[in-house]
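can't give you the sequence, but here's the structure:
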């Protein structure tokens with residue numbers, strides 16, 4: 001048997017040399033992809049929850065043309081692309097979730113889900129903020145939001 005096979009089949013060897021462990025018994029591997037009810041692949045639990053909400057809004061007729069992770073080219077040379085989390089079009093006027101903005105019928109909404117601290121600071125969002133601003137310049141009539149439900153920040 002090879003050294004790796006000995007290691008895998010001999011618990012005593014694993015105890016004396018824990019540095020070779022491929023995975024620890026009893027620990028679940030981190031889930032890296034999440035799948036919505038319609039089969040769409042998403043990157044996080046927060047994205048999954050928001051996407052399911054948006055699917056419900058689409059079924060009710062409040063929004064249409066919902067897209068998850070559409071690709072936009074921000075500039076050609078050098079090529080710079082961006083994939084926001086969600087893009088959709090509003091069909092009815094309503095107040096945005098935190099009641100700070102009113103969405104008008106026919107407006108395109110672009111959302112980027114990011115972690116937010118208790119103080120309201122976005123985590124790991126510098127690149128996304130720059131790209132959202134570039135996307136807002138390319139589509140000036142769109143409404144761009146970054147954050148998470150209940151703690152959205154509009155990009156102007």
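On my side now, so go ahead. Model, not experiment: these values are computed from the prediction.

ranges for the strands of the protein?
Taking DSSP state E, the strands of the chain run over residues 34-35, 41-42, 63-68, 72-75, 80-82, 86-90, 94-95, 102-103, 108-113, 143-148, 151-155.

will you turn those strands into a markdown table that also has mean pLDDT?
A markdown table is the format used below for the strands of the chain (pLDDT from 0 to 100):
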| stretch | mean pLDDT |
| --- | --- |
| strand 34-35 | 90 |
| strand 41-42 | 92 |
| strand 63-68 | 94 |
| strand 72-75 | 92 |
| strand 80-82 | 92 |
| strand 86-90 | 93 |
| strand 94-95 | 70 |
| strand 102-103 | 80 |
| strand 108-113 | 92 |
| strand 143-148 | 88 |
| strand 151-155 | 84 |
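
any chance of a markdown table for these, columns distance to residue 55 and mean neighbour count?
For glycine as for every other residue, the C-beta is placed from the backbone atoms N, C-alpha and C. As requested, the strands of the chain are exported to a markdown table (distance: least, CB to CB, whole Å; neighbours: other CB atoms under 10 Å):
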| stretch | distance to residue 55 | mean neighbour count |
| --- | --- | --- |
| strand 34-35 | 13 | 13 |
| strand 41-42 | 12 | 16 |
| strand 63-68 | 7 | 16 |
| strand 72-75 | 22 | 13 |
| strand 80-82 | 23 | 14 |
| strand 86-90 | 10 | 19 |
| strand 94-95 | 17 | 12 |
| strand 102-103 | 18 | 14 |
| strand 108-113 | 14 | 22 |
| strand 143-148 | 17 | 21 |
| strand 151-155 | 19 | 17 |
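
need these in JSON lines (columns: distance to residue 48).
As requested, the strands of the chain are exported to JSON lines (distance: least, CB to CB, whole Å):
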{"stretch": "strand 34-35", "distance to residue 48": "4"}
{"stretch": "strand 41-42", "distance to residue 48": "5"}
{"stretch": "strand 63-68", "distance to residue 48": "10"}
{"stretch": "strand 72-75", "distance to residue 48": "22"}
{"stretch": "strand 80-82", "distance to residue 48": "21"}
{"stretch": "strand 86-90", "distance to residue 48": "11"}
{"stretch": "strand 94-95", "distance to residue 48": "23"}
{"stretch": "strand 102-103", "distance to residue 48": "23"}
{"stretch": "strand 108-113", "distance to residue 48": "10"}
{"stretch": "strand 143-148", "distance to residue 48": "12"}
{"stretch": "strand 151-155", "distance to residue 48": "18"}
